[in-house]
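Participant: Structure, please.
(one chain, ligands or ions: 1)
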Amino acid sequence: MANPILVFCEQRDGHLKKAGLEALGQACRLSKAGGRDVVALVVGSSVSPLTQEPASHGASRIVIAEDPALSSYSSELFTTIVADLAAGLKPVAILMGATAMGKDLATKVAARLKSAVIQDCVALEMEADGSLIATRPIYGGKLRAVVKPTNPLMQVVTLRPNIFSLLESKPASDVPIERLAVSFDGTRPMARIRDARATADDKKELTEASIIVSGGRGLKGPDNFILLEELAAALGAAVGASRAVVDAGWRPHRDQIGLTGKTVSPQLYIACGISGAIQHQAGMSSARTIVAINNNPNAPIFKLATYGIVGDLFEIVPLLTEEVKNLRA
Ligand code: FAD
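Facilitator: Prediction:
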């Protein structure tokens, strides 16, 4: 039997993250050529109810690691779980979403297994012997590096969210589920999360949003972001921002997109009054469709944009909002 592919399916508060299911979808596509099993791993304090989703998204086997000590993320404990499972399973690859947790866990698992780690992939192929060929943006998205680990065993890879599509969900009742005997074998967490508090608003998470309306200094002031909030509400989108407006205190840092902010890959990114500096592009250049609204026809954002509107955002954005509302009515 060919070595399987292991997928870490991240969960938070009893819900599987889409990024993990996307990794599962890609693992299933890669597994077809080599006839490999795809093993989904779910880790947490009460994750037994979460087995249905990986099963219906293509996993051929599900492993759950359940323990009260795993209620919140701990690098050390989660690394022990994934690395111990991998040491027995000998997967050709270990895939996970390039989320904050995934990026942290991947490096530590790879270090523990003495294997290669490739972060933030936007394309991933597998050769017959299991060797991966991964594409990842480098230099803030200016270039794409094609990377091939030298050893086709236990290659650890994180996949950029929203790039890889989910497999169509199909009911699956006969997928074996295995409960891992959790043992930390002296592993002590170096830090413990004592309290996690949700922010007061129920804002959409930028890294998971499929539509983002983003604003820059062209908005002229914090109050004018209401225009973007209204367009975002009509589209079911999240609102992002450039660093210039975050530095000015108009928006919180969690809204910042770019080199020193978040990396997003939505289906649609609408940049309003954003010049498109290279550092901003670093966080959004992998968006599928980019619409730029800017009154300067020479703004760099137009070089990247799929569609460009040269004009005053204060006129265009309300018209766009109205049109979307009419279409949805
Ligand atoms: P500006 O560059 O001032 O652009 C405003 C735009 O609005 C202009 O193009 C203007 O033509 C347009 N405009 C003005 N009025 C209107 C109107 N009425 N209608 C339509 N358009 C209008 N930036 C990020 O965004 N994210 C990062 O993570 C980031 N990290 C950085 C890290 C480093 C180390 C450095 C050095 C810089 C970083 N920057 C980052 C900053 C980046 O270089 C730019 O300064 C910043 O992106 C500019 O933000 P902006 O486009 O909102 O503002």
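
Participant: The closest residue to the ligand within the stretch 1-150 of the chain - how many residues pack around it?
Facilitator: Nearest residue of the stretch 1-150 of the chain to the ligand, counting by C-beta to the nearest ligand atom: Gly140, 8.8 Å away. Any C-beta I mention is one placed from the backbone N, CA and C, and that applies to glycine too. Applying other C-beta atoms under 10 Å, we find 16 residues neighbouring Gly140.

Participant: Same check on Lys262?
Facilitator: For Lys262, using other C-beta under 10 Å, the count is 18.

Participant: wait, doesn't it sit right on Gly283?
Facilitator: Yes - Lys262 lies in contact with Gly283 (C-beta atoms under 8 Å); the separation is 6.0 Å.

Participant: Would you mind listing where the stretch 1-150 of the chain has pLDDT under the threshold?
Facilitator: For the stretch 1-150 of the chain, applying pLDDT under 70 flags no range at all.

Participant: Could you list every helix and strand in contact with the helix or strand harbouring Ala106?
Facilitator: For Ala106, the element it lies in under DSSP states H and E is helix 100-113. In this structure, helix 100-113 packs against helix 75-89, strand 93-97, strand 117-121, strand 155-159, with contacts taken as 3 or more C-beta pairs under 8 Å, 6 or more residues apart in numbering; DSSP states H and E.

Participant: Tabulate those (JSON lines), appending distance to the ligand.
Facilitator: Formatted as JSON lines, the helices and strands packed on helix 100-113 follow (distance: least, C-beta to the nearest ligand atom, whole Å):
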{"stretch": "helix 75-89", "distance to the ligand": "25"}
{"stretch": "strand 93-97", "distance to the ligand": "21"}
{"stretch": "strand 117-121", "distance to the ligand": "15"}
{"stretch": "strand 155-159", "distance to the ligand": "20"}
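
Participant: so which of these comes closest to Asp37?
Facilitator: Closest of the helices and strands packed on helix 100-113 to Asp37 is helix 75-89, at 9.2 Å (criterion: C-beta to C-beta).

Participant: Which positions in that closest one come out as buried?
Facilitator: Ser75, Leu77, Phe78, Thr79, Thr80, Ile81, Val82, Ala83, Asp84, Leu85, Ala86, Leu89 (16 or more other C-beta atoms under 10 Å).

Participant: Determine which of the helices and strands packed on helix 100-113 approaches Gly221 most closely.
Facilitator: Using C-beta to C-beta, those put strand 117-121 closest to Gly221, at 34.2 Å.

Participant: In a markdown table, list the buried residues of helix 75-89 along with distance to Ser56.
Facilitator: Formatted as a markdown table, these follow (distance: C-beta to C-beta, whole Å):
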| residue | distance to Ser56 |
| --- | --- |
| Ser75 | 30 |
| Leu77 | 28 |
| Phe78 | 24 |
| Thr79 | 28 |
| Thr80 | 29 |
| Ile81 | 23 |
| Val82 | 23 |
| Ala83 | 28 |
| Asp84 | 27 |
| Leu85 | 22 |
| Ala86 | 24 |
| Leu89 | 22 |
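
Participant: just to revisit the earlier point, the residue of the stretch 1-150 of the chain closest to the ligand looks like it's in a strand, true?
Facilitator: No - applying DSSP: H, G, I helix; E, B strand; the rest coil, one finds Gly140 to be coil, outside a strand.

Participant: how about the nearest residue to it, chain neighbours excluded?
Facilitator: Leaving aside its chain neighbours, Gly140 sits nearest to Ala282 (3.3 Å; criterion: C-beta to C-beta, 6 or more residues apart in numbering).

Participant: Next, the one you found: secondary structure please.
Facilitator: helix.

Participant: Could you report the distance from it to the ligand?
Facilitator: Per C-beta to the nearest ligand atom, to the nearest Å, Ala282 is found 7 Å from the ligand.

Participant: Quick check: residues of the chain near the ligand?
Facilitator: 216-218, 242-245, 256-261, 273-275, 277, 279-280, 283, 293-296, 299, 312-314 (C-beta under 6 Å from any ligand atom).
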